[in-house]
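> only geometry, no sequence info:
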């Protein structure tokens, strides 16, 4: 038995002959089978990465971490917050790196986030304990995710 390929398959092209994009085909298929899909794409045009390196003497570390955890109980509820990590240098435990990603411009971040009342205690503690802090702002060039 031979496969008869002479029969034409129905075309999915529009009247101009343009084929739909892969995304249009997937969303169209989801809509056809009745899957409730809500498009939740959020533009990351203003994606801002804030990296702050702290030097914290060991006796002050527990107080620092407690205050920072308190600040993050509020930060995670912020609309423009994306994600954050706190990491410790494996060879130098007094060096801690705070990594935050926001959907904001540097100006909007400084105006809206750094003036929040919940940050006041943390900022005062840093000043009182003379904790060394080196902040840096980065913009995303590329993103890679696990396949």
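Perfect, I can see it now. What you see is a predicted model, and the numbers here were worked out from it, not measured in a lab.
> Please make it C-alpha for all contacts and neighbour counts, starting now.
Will do.
> Quick one: list the elements packing against the helix or strand hosting residue 107.
Using DSSP states H and E, residue 107 sits within helix 106-112. Under the contact definition 3 or more CA pairs under 8 Å, 6 or more residues apart in numbering; DSSP states H and E, helix 106-112 sits against no other helix or strand.
> Quick one: residues in contact with that helix.
48, 137 (CA atoms under 8 Å, 6 or more residues apart in numbering).
> mind running it again at 7 Å?
With contacts defined as CA atoms under 7 Å, 6 or more residues apart in numbering, helix 106-112 is touched by residue 48.
> List the contacts of the closest residue to residue 58 other than its chain neighbours.
With CA to CA, 6 or more residues apart in numbering as the criterion, residue 58 has its nearest non-adjacent residue at 6.3 Å, and that residue is residue 94. Shown in contact with residue 94 (CA under 7 Å, 6+ apart): 55, 56, 57, 58.
> quick revisit: in the helix holding residue 107, what's buried?
Buried residues in helix 106-112, counted by 16 or more other CA atoms under 10 Å: 106, 109.
> go on, stretch 73-81?
Result for stretch 73-81 [16+ other CA under 10 Å]: buried residues 75, 80, 81.
> how far away is the last one from residue 70?
I take that to be residue 81. When distance is defined by CA to CA, to the nearest Å, residue 81 is 16 Å away from residue 70.
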